[in-house]
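> pasted the sequence and its predicted model underneath.
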Amino acid sequence: MAVGQEKIVEKIKKGNHGELISSGFWLSQVFMLIATVLGVYLAAQTGLKQAIIFDDLSDKQEQYYLRQSLYDEVTDNVAILKEYDKNFLKQGVLLDRSTKAYPDVGFYVWETMKNSPATLEIPSYFISETRRFYSKVEFIIRLLEQRKLATGYASKMLRAEIADIEPVLQKLKQNLDGIALELKQNDIVVTSDLNAY
C-alpha cells in the first residue's frame, strides 16, 4: 500500500462510526424504506384507479355513440316504413306498383354492429327487439315482393311491428340519456347533433 492510501485507511479506522451502531440510525433507515415502498404502492394504486376510470369512461362513450347510431337508424327506418305504409299500403295501391317501390330500409349500423365487440355490451333487450323488428319487416317486404301478401294486410302487419318497436326506441333513448348524464358528470360531453362538430 502506498503512503497516501495508508493515511486514508487510518482516518477511516479512527473515524467516529458510532452512529452506525446506534438504534436511531437504523430506525430512520427502516422508516425511509417503508415510506418509499408505501409511496410507490400508493402511486401505483392511484395510477391503476385512474386507468380503470379512464377505460370505463372511454367504453361508455363508445357505447353511447354505438347505441345512438342504432337508435338513429331504427328511428329513420320507422319513419321510412310509416311513409311507405301511408303512401302505398294503406291506399291499397295495386300490388305491382307497391312492390316496385318497396321501402329502402337502411341496415348499415345493424350490419356493422355484427363485427364490433362493443355490440355485446349493449343490453340484450335492445339487440333482440331490433333483430325481431328487422326480421319481421324484411319478411313482410319479401312477401309483398313475391306478391304473396295483400297490401291491406301488409299495412296492418307493418303498423303492428312499428307499434312494437316504438316503446323499445323510447327505452333506448332513456338509456342513452342516462349514459350521456353519467359522462357529463365526468366532464365528457356527447351529442348526436351534427352541428356540434
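Received, thanks. Keep in mind the model is a prediction, meaning the values are calculated, not measured.
> residue 188 and residue 61 touch, don't they?
Yes. Shown here, residue 188 and residue 61 form a contact pair, counting by CB atoms under 8 Å, at 6.0 Å. Where you see a C-beta, it was placed from the backbone N, CA and C, and this is true even at glycine.
> looking at the chain, which helix or strand is least sure?
helix 95-100 (a mean of 55; mean pLDDT, DSSP states H and E).
> CA atoms of stretch 162-176 as PDB?
Below are the C-alpha coordinates for stretch 162-176, written out as PDB (Å, rounded to 0.1, in the frame of the first residue of the first chain):
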ATOM      1  CA  ILE A 162     -93.900  -0.300 -35.800                       C
ATOM      2  CA  ALA A 163     -96.100  -0.200 -32.700                       C
ATOM      3  CA  ASP A 164     -94.000  -2.900 -31.100                       C
ATOM      4  CA  ILE A 165     -90.600  -1.200 -31.800                       C
ATOM      5  CA  GLU A 166     -91.600   2.300 -30.700                       C
ATOM      6  CA  PRO A 167     -91.600   1.600 -26.900                       C
ATOM      7  CA  VAL A 168     -88.200  -0.100 -27.400                       C
ATOM      8  CA  LEU A 169     -86.900   3.100 -29.000                       C
ATOM      9  CA  GLN A 170     -88.200   5.100 -26.100                       C
ATOM     10  CA  LYS A 171     -86.300   2.900 -23.700                       C
ATOM     11  CA  LEU A 172     -83.200   3.100 -25.800                       C
ATOM     12  CA  LYS A 173     -83.500   6.900 -25.800                       C
ATOM     13  CA  GLN A 174     -83.800   6.800 -21.900                       C
ATOM     14  CA  ASN A 175     -80.800   4.500 -21.800                       C
ATOM     15  CA  LEU A 176     -78.800   7.000 -24.000                       C
END
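> per-residue confidence averaged over that stretch?
Across stretch 162-176, pLDDT averages out at 97.
> can you list the buried residues in it?
Of all the residues in stretch 162-176, those buried under the rule 16 or more other CB atoms under 10 Å are 162, 165, 168-169, 172, 175-176.
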